[in-house]
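Undergrad: Sequence and predicted structure below; questions after.
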Amino acid sequence: MIRFIAYHTGYVENCTVAVMVYQCGFFGHLGYASVKEAWLEFTKDIYAKYFDDVLSVRIPTNDCCKTASMLGSGHNSAEMREKYRVCEKCNTELKERPFDAEEFMDYFSNLRKDTCDSYGDAEDTSSRNLCWWPFWTKDFIGASKEQILYLGEYAELTLLNALYELHPELITEKEKYRGHSSDWELIKQNIKPNI
Ligand SMILES: [Zn+2]
């Protein structure tokens, strides 16, 4: 049963020294029997957070549009997305922010630099009650290896690969040539990397 996800981001010399640890027990999840399900649920969590924090923020055209951009951010419902689609002062439509794979991976990698305060929503987002929680690693101490899904490096690419399985519509022409994460190749077969 997977109850913890521990990972490093970055590749080779860029691999982070510090490890990030998430647990699912805090929200009452007993754990995941499937390695793939554990990672996909984690991917859904991070994407939901990224959507609220980044993707939902429409690009203001004029200074006056910043208010609509701010008020419209952090919402996933079609109704709220529509409500702040146009600036009420200049009547300009605010542009949707396109999904950017590098930005998504950077967003994820930079979560390790956050404080408890700056991390933002850790329990739910506008579209999802989160499953994985990044605080209180005390529970991690003494956990058995069987309970841990551990990624030794480059977790951001493994996350992106999983996101593309969940949302193939996000794959652009350029992205089709991106390399695959070897950890993802194992995880999608329900095999833990780095055993
Ligand atoms: Zn405006």
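TA: Yep, it's here. Numbers count the residues shown, from 1 in each chain.

Undergrad: Output the lowest mean pLDDT helix or strand found in this structure.
TA: helix 78-83 (a mean of 89; mean pLDDT, DSSP states H and E).

Undergrad: Going toward the C-terminus from that helix, what's the next helix or strand?
TA: helix 101-110 (DSSP states H and E).

Undergrad: and that following helix, which residues are buried?
TA: 101, 104, 105, 107, 108, 109 (16 or more other Cβ atoms under 10 Å). Bear in mind the C-beta positions are built from the backbone N, C-alpha and C, glycine included.

Undergrad: For this protein, what lies in contact range of the ion?
TA: 62, 64, 65, 87, 89, 90 (Cβ under 5 Å from the ion).

Undergrad: would you turn these into JSON lines with neighbour count and pLDDT?
TA: JSON lines is the format used below for the residues of the chain next to the ion (neighbours: other Cβ atoms under 10 Å; pLDDT from 0 to 100):
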{"residue": "62", "neighbour count": "11", "pLDDT": "94"}
{"residue": "64", "neighbour count": "13", "pLDDT": "95"}
{"residue": "65", "neighbour count": "23", "pLDDT": "95"}
{"residue": "87", "neighbour count": "22", "pLDDT": "94"}
{"residue": "89", "neighbour count": "12", "pLDDT": "95"}
{"residue": "90", "neighbour count": "13", "pLDDT": "96"}
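
Undergrad: got the buried residues for stretch 142-152?
TA: In stretch 142-152, counting by 16+ other Cβ under 10 Å, buried: 143, 148, 149, 150, 151.

Undergrad: Hmm, I typed the wrong one, I wanted stretch 127-145.
TA: Using 16+ other Cβ under 10 Å as the test for burial, stretch 127-145 gives 128, 130, 131, 132, 133, 134, 139, 140, 143.

Undergrad: Now the first one. Nearest residue, chain neighbours left out?
TA: Ranked by Cβ to Cβ, 6 or more residues apart in numbering and with sequence neighbours excluded, the top spatial neighbour of residue 128 is residue 48, at 4.2 Å.

Undergrad: What helix or strand is that neighbour located in?
TA: With DSSP H and E as the criterion, residue 48 is inside helix 35-50.

Undergrad: list the helices and strands the first helix or strand past that helix going along the chain packs on?
TA: The helix or strand immediately downstream of helix 35-50 is helix 66-72, counting by DSSP H and E. If you count contacts as 3 or more Cβ pairs under 8 Å, 6 or more residues apart in numbering; DSSP states H and E, helix 66-72 packs onto helix 78-83.
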